[in-house]
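**Student:** give me a model of this one.
(one chain, ligands or ions: 1)
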Amino acid sequence: MCGIIGIVGSTDVTDRLVDGLKRLEYRGYDSSGIAVLDKGVLKRERAEGKIKALEAKLKETPLDGSIGIAHTRWATHGVPNENNAHPHFAGRVGVVHNGIIENFLEIRKKLGGKRTFTTQTDTEVIAHLVDLALDSGLSPIEAFKTSLKELHGAYALGLIINDNPGYIFAARAGSPLALGIGETEMYLGSDATALAQLSQKLVYLEEGDWAVITKDNYDIFDKDDKPVERPITIISGGPAMAEKGNYRHFMLKEIYEQPETIGRTLSNYISDFHRETNIPEGIDFKNLDRVIIVACGTAYYAGAVAKYWFEQIGGISVEVDIASEFRYRKPVLSQNSLFIAVSQSGETADTLAALRYCKASGLKTAALVNVMTSTMAREADIALPINAGPEIGVASTKAFTSQLTALAALALAAGRSRNTLSRDGEIRLSRSLIETPRLVTQTLELDSIIEAFAFDFSKAKSAFYLGRGPYVPLAFEGALKLKEISYIHAEGYAAGELKHGPIALIEDGTPVIVIAPYDNLYEKTISNMQEVSARGARILLITDAAGAKISEELADDLIIVPTCDGFVAPIIIAIVVQLLAYHTAVHLGTDVDQPRNLAKSVTVE
Ligand code: M6R
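**Tutor:** Residues are numbered from 1 along each chain as shown. As a prediction, this is how the structure comes out:
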């Protein structure tokens, strides 16, 4: 996490660095800071909280300089306050860092006698190492290069040195970093978004690379310090900074965009005319014995829904794992497996590590991502886009439904390739998928009913979400959405599992959201619903017209979603749980788009 940006410019860089930080705020918003070389002298300003706090300080005490580095932080080591905010200084050196220096305590001990540490961060040791190396008489380049060898862990960093007004030093190991090429300036940034307004010509540093950047040149060296050329990528159009328009929050805007974003995803995977799925080049579903889906958070729940689709439609065994667990349990991998990383950002550290683990083990790898310039898209054998457009709200909404849509289409492709899906079956299911944008539009019309329910719901201390089959991951997702933006404690459970312990938590008035469109498991879910109702729970039943007809009287509140094929119902129900979490959070007055303690892109383990 954390976002970094740097400019070796020809004119004053402060405003542009702040603008870049705003684009990077999705990576962390605990604190931020900026350092410039003003006539060769290091100066900085830092602030606790969002970028606007830094902006306010810079208005009071402006910084001038044509070289600068800046940082927006998501705290890992040390509380989020001004003192722990980057850039960190030691002697002549200023540094911004994204990642974790795992051996920072060791380095601190080693330098203890010679240096005083003034922050609780792991990053500060980098500035001290370089400054000490300069003290020993090494040139800036040598000092930077030798200091890197002392660091273990993950880093993307930008570093400037007093009296060295011509340079920014950069390095990448485990955390993404790109250089931007300008006409008369050079740039450094965590990703294409950071650099969007500055340059369309990017050079992505590779693992272990480090670089020396000047106003009109850059030199890249690999992990063995050999000079290397890295390809220039032209970013088309430049990701525009998404605007909220007339919406109160990005999250609401992104919820409402879903008919369009799902449509865009579909156009990539389904041929409307032929009512068939496009099998992505390079994937041979026929000869696979397993699909392994690895992801985190909401993306993981998309993978968990897809397991039902791939198994039932494609007749293929699917393993879904949480990325932070996957590689550490040393999974038994067969060469005939397809690994799919699911990630909105394409940068999530654990998911990326799982992808690399499988690639190194010889598996065919695919990355289903929203950001096609991301590390996962570049490193996987096959990059599968979801085309949801920039997702700014920290709570993932439109990316989730686009991930589901793409995975549903891939399950159809698997079914066709493996002859587990008839041509008629494929036509019927593709048609259902093509209908989804319309069904989502109808579901959005339930907004005011959901908002009304959210008013009472926002008074709850704790809530439960229940479902069976593919609605189990939807229950998890509903609970996650509620927790992350409203801070109400919530848990999702498989409806049949509740009586094995968690039912003890049900009290008079405990809200329980039951997800049960009419299907072969409907009656069983309704029995579980009655078990909690009998113990005083307040039930909100999310069902369709057929389900409502049977159980209307058993629920305290009802949300009736449009009737649709069970295959696409998880996509439709996602809209309801998103709106429910959104309105609850709005009633509670939380920061919906940037909830506490979170960041949009989690680039540390
Ligand atoms: O960028 P990714 O899809 O890899 O991110 C994974 C999770 O961090 C993300 O889905 C997170 O759980 C969201 N905040 C949930 O709304």
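**Student:** and the closest residue to the ligand within the chain, how many residues sit next to it?
**Tutor:** As assessed by CB to the nearest ligand atom, the ligand sits closest to residue 297 within the chain, at 1.9 Å. (Each C-beta comes from the backbone N, C-alpha and C, glycine too.) Neighbourhood size, residue 297 [other CB atoms under 10 Å]: 22.
**Student:** check contacts around it.
**Tutor:** 396, 480 (CB atoms under 8 Å, 6 or more residues apart in numbering).
**Student:** cool, and the one 3 residues further on?
**Tutor:** Neighbouring residues of residue 300 by CB under 8 Å, 6+ apart: 320, 322-323, 342.
**Student:** element containing it?
**Tutor:** Assessed by DSSP states H and E, residue 300 sits inside helix 297-314.
**Student:** which elements pack onto the helix or strand bottoming out on mean pLDDT in the chain?
**Tutor:** Ranking every helix and strand in the chain by mean pLDDT, DSSP states H and E puts strand 276-277 at the bottom, with a mean of 82. On a contact count with 3 or more CB pairs under 8 Å, 6 or more residues apart in numbering; DSSP states H and E, strand 276-277 meets strand 270-271, helix 398-417, helix 423-444.
**Student:** now, of those, which is deepest in the fold?
**Tutor:** Of all the helices and strands packed on strand 276-277, helix 398-417 carries the top mean neighbour count, a mean of 27, counting by mean count of other CB atoms under 10 Å.
**Student:** next, the angle from it to helix 423-444.
**Tutor:** Angle, helix 398-417 to helix 423-444, by axes from the mean of the first three to the mean of the last three CA atoms, to 10 degrees: 170 degrees.
**Student:** ok, residue 275 - contacts?
**Tutor:** Per CB under 8 Å, 6+ apart, neighbours of residue 275: 426-427, 430-431, 434.
**Student:** where in the chain is pLDDT low?
**Tutor:** Low-confidence regions of the chain, defined by pLDDT under 70, span residues 236-242, 273-274.
**Student:** switch the cut-off to 50
**Tutor:** Applying pLDDT under 50 to the chain flags the ranges 238-240.
**Student:** kindly state which of the helices and strands packed on strand 276-277 is positioned closest to residue 37.
**Tutor:** Counting by CB to CB, residue 37 lies closest to helix 398-417 out of the helices and strands packed on strand 276-277; the figure is 38.9 Å.
**Student:** so what secondary structure elements neighbour that closest one?
**Tutor:** helix 258-269, strand 276-277, helix 297-314, strand 364-369, helix 423-444, helix 569-588.
**Student:** ok, which of the ones you listed comes nearest residue 225?
**Tutor:** Among the helices and strands packed on helix 398-417, strand 364-369 sits nearest to residue 225 (CB to CB), with 29.4 Å.
**Student:** next structured bit after the closest one?
**Tutor:** Later in the chain than strand 364-369, the nearest helix or strand by DSSP H and E is helix 375-379.
**Student:** using PDB, write out every CA atom in that following helix.
**Tutor:** Below are the C-alpha coordinates for helix 375-379, written out as PDB (Å, rounded to 0.1, in the frame of the first residue of the first chain):
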ATOM      1  CA  THR A 375       1.700  -6.100 -12.500                       C
ATOM      2  CA  MET A 376      -0.600  -9.200 -12.600                       C
ATOM      3  CA  ALA A 377      -1.800  -8.400 -16.100                       C
ATOM      4  CA  ARG A 378       1.800  -8.000 -17.200                       C
ATOM      5  CA  GLU A 379       3.100 -11.100 -15.500                       C
END
